[in-house]
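Visitor: Predicted model and sequence follow; I will ask about them next.
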Amino acid sequence: MPAVERLTAALHARGVEAHVVGGAVRDRLLGRPARDIDVIVQGDATAICRALAEGLRAHPIVMDEERGYMRLVFPGDSATRWIDVNSSEGDLRSDLARRDFTINAMAVRLPAWGERAWEGAVEDPTGGRDDLRSRKLRQVSASALEQDPLRILRACRFAAQLSFSIESSTSQAMRRLASRITGVAPERTRDELFAALGGANAADAIRFMDTSGIMDRLLPEVAFGRGVEQPGQHHWDVLDHCIQTVAEAERILDPRVDSDEVMGLVPRIDGFEAFFVEEISDHQTRGSLLKIAALLHDVAKPQTKSVQPDGRTHFFGHSDQGAKVAVDVLARLRASRRTQAHVSLMIQEHLRPVQLSDGVRQPTSRALLRYFRDVAPVAVDTIYLAMADYLAARGPMLDLDDWRRHTGMLGDILRRGFEELRESKPSLLFDGSEIQRLFGLPPGPEIGRLLQTLREAEAAGKVQTHEEALDLLRVAVREGSGSRQE
């Protein structure tokens, strides 16, 4: 039995009144899957969830005990990952009136949610269904954004991901209240910003951030690129180039655009989709971190811009400085050290894939090995960032023959790089099963990380004996444990 049906039956047996509210109702009306569900209950949500969890085969997690906010996680449920359960603060209409946007202020009584004629049971006191039809984002009340300024950033995300317009009075309120976004807890800002960048139409979300005025407050380092012109091969200024690089990265990551003539030339490694949906840190995948790196990759260009006596424009050192700025930005947002390291290394090395070849001769085997070892574990990611950067620089000036040569060169680097690594791979002093036994670790990506660390150290001659390998692994295990706790 699906998770929602089990919860419905359990609540009914206890005589608890409950409603599905918010995004699940919105998405179902739009014909989109609703995997994460919000439920409001009449009563103590904390006590109810703890009493029901075992029978529901769910894990209860306290999200905010003071506000009566719980999460029931359903492992292995293909339809529903979790259900968030909140205590009602009064009657249903007053609960809905406290929400952010009209399209999120609809509710369905829980038993009706599973019925065939569920749409007739939708309670919609603020006109959310009309706004869905007109594809418009509108705040529930004149004070909704003021009550929680994070909703300004959320509006940018919703408008972009749903391809909605923002209603004029809501848009005016966003600009009027933009300065208040800096008072929001960094962790909340990080999660909302990462959700915007990790979802569909991320570049549009950033443009909404720019027009609403919160870009200058949240990401002033990115906003500094506004109006900073670039040499002739660049179509846009630095800010628009960075935003467009996000858009191009998203196009590259989308497997559905293979029929597109430009995207059809993008070389894709074996297991391309699985590679970029791997979760790295802060609940972000390689794909979402690629888009974060795309936004920040030229963040240091404004301060490194120089015009030489011959009139040529340069940005000397912008990659190295940009990597440092990216760390500062991500640290301010309370991103984990692993996220900071992953993104900053891509930015530091984003020019290197193109520099491996002079455009005539292919890179030497030694140069390829050095690149894949130096830039691990983001060597592949960085090559795709270089492709997005190239497309964003040319924009509508893109020459298809030049792009074909460019992708051919980078595709050859991907192919040969993997071959060189396989051929040069040393015989490891410890294998994966031995590492699991020695350190009591379960199978998983952590074992792969430790094997890669050992492989690189052996290849560089830093580790030659079992004792040296064991010392190296002890340090690597401690570092990995520290990253997981962040």
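Guide: Thanks, I have the structure now. Numbers count the residues shown, from 1 in each chain.

Visitor: which ones are touching residue 88?
Guide: For residue 88, the set of contacting residues under the criterion of CB atoms under 8 Å, 6 or more residues apart in numbering consists of 40-43, 95. From N, CA and C alone the C-beta is placed, and that goes for glycine too.

Visitor: at 10 Å what do you get?
Guide: Neighbour list for residue 88: 17-19, 21, 40-43, 45, 68, 94-95 [criterion: CB atoms under 10 Å, 6 or more residues apart in numbering].

Visitor: Kindly report the same for residue 201.
Guide: 157, 159-163, 207-208, 246-247, 250 are the contacts of residue 201 under CB under 10 Å, 6+ apart.

Visitor: Between these, which sits nearest residue 199?
Guide: Lowest distance from residue 199 to the contacts of residue 201 (CB to CB) belongs to residue 161, with 4.9 Å.

Visitor: Can you say which helix or strand has that closest one in it?
Guide: helix 150-162 (DSSP states H and E).

Visitor: That helix - what's its average pLDDT?
Guide: This predicted structure assigns helix 150-162 an average pLDDT of 97.

Visitor: Would you mark the buried spots in it?
Guide: Neighbour counts using 16 or more other CB atoms under 10 Å place 150-162 of helix 150-162 among the buried residues.

Visitor: if we can go back for a sec, of all pairs in the contacts of residue 201, which one is the farthest apart?
Guide: Top of the distance list for the contacts of residue 201 (CB to CB): 162 and 246, 18.0 Å.

Visitor: if we can go back for a sec, for the buried residues of helix 150-162, could you give me TSV that also reports distance to residue 131?
Guide: Conversion of those to TSV gives the following (distance: CB to CB, whole Å):
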residue	distance to residue 131
150	20
151	15
152	18
153	19
154	15
155	13
156	17
157	16
158	11
159	12
160	16
161	15
162	11
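
Visitor: returning to what we had before: so which elements touch the helix holding residue 161?
Guide: Applying 3 or more CB pairs under 10 Å, 6 or more residues apart in numbering; DSSP states H and E, one finds that helix 150-162 contacts helix 23-29, strand 136-137, helix 144-147, strand 165-166, helix 168-176, helix 186-198, helix 202-212, helix 215-218.

Visitor: ok and that helix relative to helix 202-212, angle-wise?
Guide: Between helix 150-162 and helix 202-212, the angle formed by their directions is 140 degrees, by axes from the mean of the first three to the mean of the last three CA atoms, to 10 degrees.

Visitor: about what we covered before: looking at the contacts of residue 201, which one is closest to residue 174?
Guide: The closest of these to residue 174 turns out to be residue 208 (CB to CB; 8.6 Å).

Visitor: Can you check which helix is longest in the protein?
Guide: Scanning the chain for the longest helix, with DSSP state H as the assignment, gives helix 400-424.

Visitor: okay, now the residue nearest to residue 207 when sequence neighbours are not counted: neighbour count?
Guide: Setting aside the residues directly before and after it, residue 207 is nearest to residue 243 in space (CB to CB, 6 or more residues apart in numbering), at 6.3 Å. A count of nearby residues for residue 243, using other CB atoms under 10 Å, gives 24.

Visitor: Now do residue 243 against residue 324, distance only.
Guide: The span separating residue 243 from residue 324 equals 22 Å under the rule CB to CB, to the nearest Å.

Visitor: Count the neighbours of residue 232 for me.
Guide: A count of neighbours around residue 232, defined by other CB under 10 Å, yields 7.

Visitor: now do residue 183
Guide: The criterion is other CB under 10 Å. On that basis, residue 183 has 10 neighbouring residues.

Visitor: how much space between it and residue 112?
Guide: Using CB to CB, one obtains 39 Å as the distance from residue 183 to residue 112.

Visitor: Residue 316 now?
Guide: Here residue 316 is placed at a distance of 64 Å from residue 112 (CB to CB).

Visitor: the more surrounded of the two?
Guide: For residue 316 versus residue 112, neighbours defined as other CB under 10 Å are more numerous around residue 112 (17 against 10).

Visitor: so where's the stretch 301-450 of the chain shaky on pLDDT?
Guide: Scanning the stretch 301-450 of the chain for pLDDT under 70 picks out the ranges 358-360, 420-428, 443-445.

Visitor: So which residues of it form strands?
Guide: Taking DSSP state E, counting those that start in this stretch to define them, one finds strands in the stretch 301-450 of the chain at 305-307, 313-315.

Visitor: now for these, which one comes closest to residue 35?
Guide: Across the strands of the stretch 301-450 of the chain (criterion: CB to CB), the nearest stretch is strand 313-315, sitting at 43.1 Å.

Visitor: Can you give the contact residues for the closest one?
Guide: Among residues not part of strand 313-315, those counted as contacts by CB under 10 Å, 6+ apart are 228-232, 234, 238, 298, 300-308, 321-322.

Visitor: And these, which of them are buried?
Guide: 228, 230, 234, 238, 298, 300-302, 304-305, 321-322.

Visitor: Restricted to helices, list these.
Guide: Here DSSP H is the test, and the buried ones among the contacts of strand 313-315 give 238, 301-302, 304, 321-322 as lying in helices.

Visitor: For these, name the two members farthest from one another.
Guide: Going by CB to CB, the two entries of these that are most distant from one another are 238 and 321, at 13.3 Å.

Visitor: any residues in contact with both of these two?
Guide: Looking at what touches both residue 238 and residue 321 (by CB under 10 Å, 6+ apart), the common residues are 299-301, 315.

Visitor: taking the mean pLDDT, what do you get for the strand or helix carrying residue 54?
Guide: In this structure, residue 54 sits in helix 45-56 according to DSSP H and E. For helix 45-56, the per-residue pLDDT values average out at 91.

Visitor: Extract the C-alpha set from it and format it as PDB.
Guide: The C-alpha atoms that make up helix 45-56 are tabulated as PDB, following Å, rounded to 0.1, in the frame of the first residue of the first chain:
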ATOM      1  CA  ALA A  45       1.900  16.500  14.900                       C
ATOM      2  CA  THR A  46       5.000  15.400  16.900                       C
ATOM      3  CA  ALA A  47       3.000  13.000  19.100                       C
ATOM      4  CA  ILE A  48       0.900  11.700  16.200                       C
ATOM      5  CA  CYS A  49       3.900  11.000  14.000                       C
ATOM      6  CA  ARG A  50       5.900   9.300  16.800                       C
ATOM      7  CA  ALA A  51       2.800   7.100  17.600                       C
ATOM      8  CA  LEU A  52       2.200   6.100  14.000                       C
ATOM      9  CA  ALA A  53       5.800   5.700  12.600                       C
ATOM     10  CA  GLU A  54       6.400   2.100  13.400                       C
ATOM     11  CA  GLY A  55       3.100   0.900  12.000                       C
ATOM     12  CA  LEU A  56       3.700   3.000   8.900                       C
END
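
Visitor: got a list of contacts for it?
Guide: Residues outside helix 45-56 that contact it (CB under 10 Å, 6+ apart) are 1, 3, 6-7, 9-11, 13-14, 16, 18, 39, 41-42, 44, 58-74, 83-88.
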